[in-house]
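Student: can you look at this prediction? I've put the sequence above it.
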Number of protein chains: 2
Amino acid sequence: MINFEMRKSGMLGRRNQNILNDETLKNIYGSQSLQYFNQDNSVTFVFSDSKPFDLIELEQLLQAVGWGRRPLRRVKRALDNSLLKVGLWQHDPKFPRLIGFARCTGDGIIDAAIWDVAINPVYQGYGLGKQLMTYLMRSLKREGISRVTLFADSDVINFYKRQGWTLEPKGNKCAFLYSN
Amino acid sequence: MINFEMRKSGMLGRRNQNILNDETLKNIYGSQSLQYFNQDNSVTFVFSDSKPFDLIELEQLLQAVGWGRRPLRRVKRALDNSLLKVGLWQHDPKFPRLIGFARCTGDGIIDAAIWDVAINPVYQGYGLGKQLMTYLMRSLKREGISRVTLFADSDVINFYKRQGWTLEPKGNKCAFLYSN
């Protein structure tokens, strides 16, 4: 445990980043996971880009933040074709609970786009969303991707602005097309 | 030759879509190509989603429309990882000339993003850009993708609007991040 930081809010507790000596945690969440601990050294939250998802649990999370239902078969294929999937779990050795998610698509080199960023409403306000984005951007940076884009709903624009995202710079605009 | 259409402008000549009886053309451009003919039945322009690209020719095209230089090795990997690449060639049996390009990234199911849409300035104004987008959207539709997005420079916003693209609907905004 070499990286040690208290969150401003104090809610998340200590952080242990990229160094996993605990074989149990490594087996559950992979070697690139990031863990937060309670004061009694028990693990509370874990970010992972390798732990597989239960599709039904994932769709329940996305619906909890107000998004529409999607056919699970299509969601599965979309996840399989994504560059990167990040999950945030409330740790439990037997039943880790998925409380956050984000994924990226792109060519892996020049462009990446971030989609489906979600934190379970019960866990919002503790800085977990920001940590999720930091964890995800760090993973993308490791890949050497030069441009990252996302479409943000208007009520979370400030969330991204605070993290250094720029809104339509240089006179660029974005266009959507929903095809049927 | 079953699909037969005169362009409004009359500049592109007849169109022969998806039906390729000519083995020479099929070998060069693949079976899903779309060809335009002169009045003397010679082929003028061909859209293809399978003919490979010469990377230097492609970068020359993208620079001709004013975009920055990119390392060819990275461009190659980005192309390899793209869902779909469409080329527009001025036909020549020995030396087809690349005069248009577009590519898509995404998960292939839920999201696709369009990048690098370019028509050589000499060939602009004849409706080729619109045809390129139509050809590309038809290819995406065949895959069953439900949402397509793109970032457009401000001077081509109207080009996309005329084709039914919607600008930031429902209060959504887009954010860019250029990471270094």
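Tutor: That came in fine, so what should we check first?

Student: give the buried residues for the top helix by length along chain A.
Tutor: As assigned by DSSP state H, the longest helix anywhere in chain A is helix A:128-143. By neighbour count on 16 or more other Cβ atoms under 10 Å in any protein chain shown, the buried set for helix A:128-143 is A:128-129, A:131-133, A:135-137, A:139-140. Quick note: C-beta positions are derived from backbone N, CA and C, even for glycine.

Student: quick one: average confidence on whichever helix or strand comes after that helix?
Tutor: Proceeding N to C from helix A:128-143, the next assigned helix or strand is strand A:147-152, under DSSP states H and E. For strand A:147-152, mean pLDDT is 82.

Student: where do the strands sit along chain A?
Tutor: Taking DSSP state E as the criterion, chain A carries its strands at A:14-17, A:34-37, A:43-48, A:84-90, A:97-106, A:111-119, A:147-152, A:166-167, A:173-178.

Student: so which elements touch the shortest one?
Tutor: Going back to what we said before, that points to strand A:166-167. Here strand A:166-167 touches strand B:173-178, going by 3 or more Cβ pairs under 8 Å, 6 or more residues apart in numbering or on different chains; DSSP states H and E.

Student: likewise the fourth one?
Tutor: Under the contact criterion of 3+ Cβ pairs under 8 Å, 6+ apart, the helices and strands touching strand A:84-90 comprise strand A:43-48, strand A:97-106, helix A:128-143.

Student: any idea how far the first one is from the chain center?
Tutor: What that stands for is strand A:43-48. Computed by Cα atoms, centre = their mean, to the nearest Å, the chain-centroid distance of strand A:43-48 equals 11 Å.

Student: circling back to that earlier point, okay if I get the strands of chain A as JSON lines plus mean neighbour count and distance to B:I56?
Tutor: Shown next, in JSON lines, are these (neighbours: other Cβ atoms under 10 Å in any protein chain shown; distance: least, Cβ to Cβ, whole Å):
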{"stretch": "strand A:14-17", "mean neighbour count": "18", "distance to B:I56": "43"}
{"stretch": "strand A:34-37", "mean neighbour count": "22", "distance to B:I56": "42"}
{"stretch": "strand A:43-48", "mean neighbour count": "22", "distance to B:I56": "41"}
{"stretch": "strand A:84-90", "mean neighbour count": "22", "distance to B:I56": "31"}
{"stretch": "strand A:97-106", "mean neighbour count": "22", "distance to B:I56": "24"}
{"stretch": "strand A:111-119", "mean neighbour count": "23", "distance to B:I56": "21"}
{"stretch": "strand A:147-152", "mean neighbour count": "19", "distance to B:I56": "22"}
{"stretch": "strand A:166-167", "mean neighbour count": "14", "distance to B:I56": "32"}
{"stretch": "strand A:173-178", "mean neighbour count": "18", "distance to B:I56": "30"}
